[in-house]
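Asks: Build me a structure from this.
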Amino acid sequence: MEDKDTDFLEFRRRLKDLREQYLGITQKMVSITIGISTSYYSAIEKGKMKPNFHFFKQMSSKFDINLNYLLLGKGKPFLGNHPFNIHFKSEKDGISDKLENRGFKPKHMNEFLKLLSEDELFFKHVFHTFEIWSQKIDS
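Replies: Numbering: from 1, shown residues only. Just a heads-up that it's a prediction; the model follows:
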């Protein structure tokens, strides 16, 4: 029983690290993106509930997370060269700050950031467009 507890503890640590350190997003943003309730996601991170098949399928599908890493701690956190692995956190933070400084409402910002987390090409396009828009406003 102790090995199972340790394995689940390590899984939860990796899950939280992926969300906070690599993705830089909230539990709510993860839960919206993968189609589960925020309370269910939170309960998984806290060890109060076990994740189901849908959870793992969506985490891999939506965030390109390497399930061998998530479950066993083996390999790289993400499959391939996923943009979350390289750029998402810093670029998302930059966009959030700029939107807030211009009076963009948090409700709208969460919806905007949700869209960014769902599609790599959309994210790249929106980020590029936003940078051009910001430069025009700043000048």
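
Asks: now Arg12: how far from Gly47?
Replies: Between Arg12 and Gly47 the computed distance is 6 Å (Cβ to Cβ, to the nearest Å). C-beta: built from backbone N, CA, C; applies to glycine.

Asks: same thing with Phe63?
Replies: As judged by Cβ to Cβ, Phe63 and Gly47 stand 21 Å apart.

Asks: One more: Ser37?
Replies: From Ser37 to Gly47 the distance is 17 Å (Cβ to Cβ).

Asks: same deal with Glu20?
Replies: Distance from Glu20 to Gly47, by Cβ to Cβ: 16 Å.

Asks: Please apply the same query to Lys57.
Replies: Distance from Lys57 to Gly47, by Cβ to Cβ: 21 Å.

Asks: now swap in Lys74 and tell me
Replies: On the measure of Cβ to Cβ, Lys74 and Gly47 end up 21 Å apart.
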